[in-house]
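Predicted structure and sequence below. I'll ask about it afterward.
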Amino acid sequence: PPDVKALKRFLMGDDEYRNARTKCIPYIVDGPLAIRLIKPKPMEVDIDGPRHPTTWQQVSKSVSSTGKANAAILECDIDLLTERTIRKIINIVRPHIQSITCDLALIISTPKGSEIEEPSACLGLWRIEKVDFEGAAVFPELAIEDAVEEVRSIVSGMEGVKV
């Protein structure tokens with residue numbers, strides 16, 4: 001099937017291949033009037049961009065101490081908060097987040113501007129419904145000693161990096 005072919009190519013491809021093909025389709029289902037008025041039409045949005053870089057990490061298949069096999073994982077990190085436009089959108093949406101319902105599809109699709117039609121696949125679908133940040137779990141405070149150690153490890157990792 002074409003969707004399986006797209007998934008295999010995606011998993012076997014390098015970061016550049018994945019970045020060119022990974023897209024999301026956000027859709028606001030319900031929300032207050034202020035949010036519904038700015039509601040965009042559903043469209044494919046590139047995950048990777050010069051203003052919000054994406055990094056991929058592949059974790060190989062492993063076996064736990066109990067002998068159970070752990071599946072291989074492909075992890076994606078996207079830095080959205082450094083982009084000013086995205087921060088503005090977040091500031092508009094944040095006060096209304098408890099009354100917003102949105103759907104999100106993560107897909108593999110043909111890169112923009114490509115002349116060759118490639119098979120597509122859907123990686124996942126999510127409904128994010130009326131998120132309550134006040135009721136969400138909170139990470140425990142980091143002890144000062146642990147925070148200092150974490151900062152030291154970050155700084156030591158940056159040594160020799162030219163900015």
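Now that the structure is in, tell me what you want to look at. Bear in mind that the values here come from a model prediction, so they are computed numbers and not experimental data.

The host helix or strand of A20 packs against which elements?
In this assignment (DSSP states H and E), A20 forms part of helix 15-21. In this structure, helix 15-21 makes packing contacts with helix 2-12, strand 54-59, judged by 3 or more C-beta pairs under 8 Å, 6 or more residues apart in numbering; DSSP states H and E. C-betas here are computed from N, CA, C, even on glycine.

quick one: contacts of it?
Contact with helix 15-21 is made by 9-10, 13, 47-48, 54-56, 76, 108-111, 118, as judged by C-beta atoms under 8 Å, 6 or more residues apart in numbering.

quick one on the thing from earlier: kindly reformat the helices and strands packed on helix 15-21 as JSON lines containing mean pLDDT.
Output for the helices and strands packed on helix 15-21, formatted as JSON lines (pLDDT from 0 to 100):
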{"stretch": "helix 2-12", "mean pLDDT": "86"}
{"stretch": "strand 54-59", "mean pLDDT": "80"}
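
Could you work out the end-to-end span of stretch 104-124 for me?
8 Å (C-alpha to C-alpha, to the nearest Å).

Now do the buried residues in that stretch.
Neighbour-count burial for stretch 104-124, counted by 16 or more other C-beta atoms under 10 Å, picks out A105, L106, I107, I108, S109, T110, P119, S120, A121, L123.

Can you list which of the residues you listed are found in strands?
By the criterion of DSSP state E, membership of the buried residues of stretch 104-124 in strands covers A105, L106, I107, I108, A121, L123.

Give me the three-state assignment for D103.
Following DSSP: H, G, I helix; E, B strand; the rest coil, the label given to D103 is strand.

Distance check, it against D48.
Plainly put, D103 is 21 Å away from D48 if you go by C-beta to C-beta, to the nearest Å.

which residues does the closest residue to D30 other than its chain neighbours contact?
Computed as C-beta to C-beta, 6 or more residues apart in numbering, the closest residue to D30 that is not its neighbour in sequence is T101, at 4.3 Å. T101 sits next to I28, V29, D30, G31, R127, I128, E129, K130 when contact means C-beta under 8 Å, 6+ apart.

likewise A34?
I92, H96.

does it count as helix, strand or coil?
Following three-state DSSP, the label given to A34 is helix.

returning to what we had before: list the buried residues of the helix holding A20.
R18, N19, A20, R21.

what do you get for stretch 50-63?
Within stretch 50-63, the residues that count as buried by 16+ other C-beta under 10 Å are H52, T54.
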